[in-house]
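Undergrad: Below are the sequence and a predicted model for it; my questions follow.
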Amino acid sequence: MLHQVTDAAQGILPRIARVYDVRNFEPGTIRGFHLHRREWKAFHVAVGAAKFAVRREGGGELLTFVLTDRNPRLLVVPPGHYNGWRALEPNTLLFGFSSATIEESLRDDERVDPFHFGDCWKVQGR
């Protein structure tokens, strides 16, 4: 089950072994898709905005979320879900929270093409 929460993630992540930041200085850079079978992840956009796409391994609906610094939220991605994101604004900065060390994460990493599930990265105007 995916959780998009506005309160603290206490009780949702089994543990936080690593916190890291990722900066995309240009909008449109796609990071993903990748999947972890054991690792939990959570994402928070500290500056700018990003569009996330998440899909359970083996099928299911492709879900998208837009996280911004103007409406702070935390997106929690459990194991067994492909996930990726793209910056929507210049200088976007996000924080990632992981249940795995970097070494554990690298051993548990599977990647597919960013367009493996179609072009979910477009942003539609209102």
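TA: Now that the structure is in, tell me what you want to look at.

Undergrad: contacting residues around Asp109?
TA: The neighbourhood of Asp109, defined by Cβ atoms under 8 Å, 6 or more residues apart in numbering, consists of His34, Leu35, His36. The C-beta positions use only the backbone N, C-alpha and C, and glycine is treated the same way.

Undergrad: Just give me the closest of the residues you listed to Leu88.
TA: Within the contacts of Asp109, proximity to Leu88 (Cβ to Cβ) peaks at His34, which comes in at 19.8 Å.

Undergrad: Quick check: bridge partners of that closest one?
TA: Here His34 sits in beta bridges with Asn83, Arg111, going by DSSP bridges.

Undergrad: check contacts around it.
TA: Counting by Cβ under 8 Å, 6+ apart, His34 makes contact with Tyr82, Asn83, Gly84, Asp109, Glu110, Arg111, Val112.

Undergrad: That one and Asp113, how far apart?
TA: As defined by Cβ to Cβ, to the nearest Å, His34 lies at a distance of 11 Å from Asp113.

Undergrad: again with Leu75
TA: Between Leu75 and Asp113 the computed distance is 22 Å (Cβ to Cβ).

Undergrad: Report pLDDT for Val123.
TA: Reported pLDDT at Val123 in the predicted model: 81.

Undergrad: try Gly32
TA: Listed pLDDT for Gly32 reads 86.
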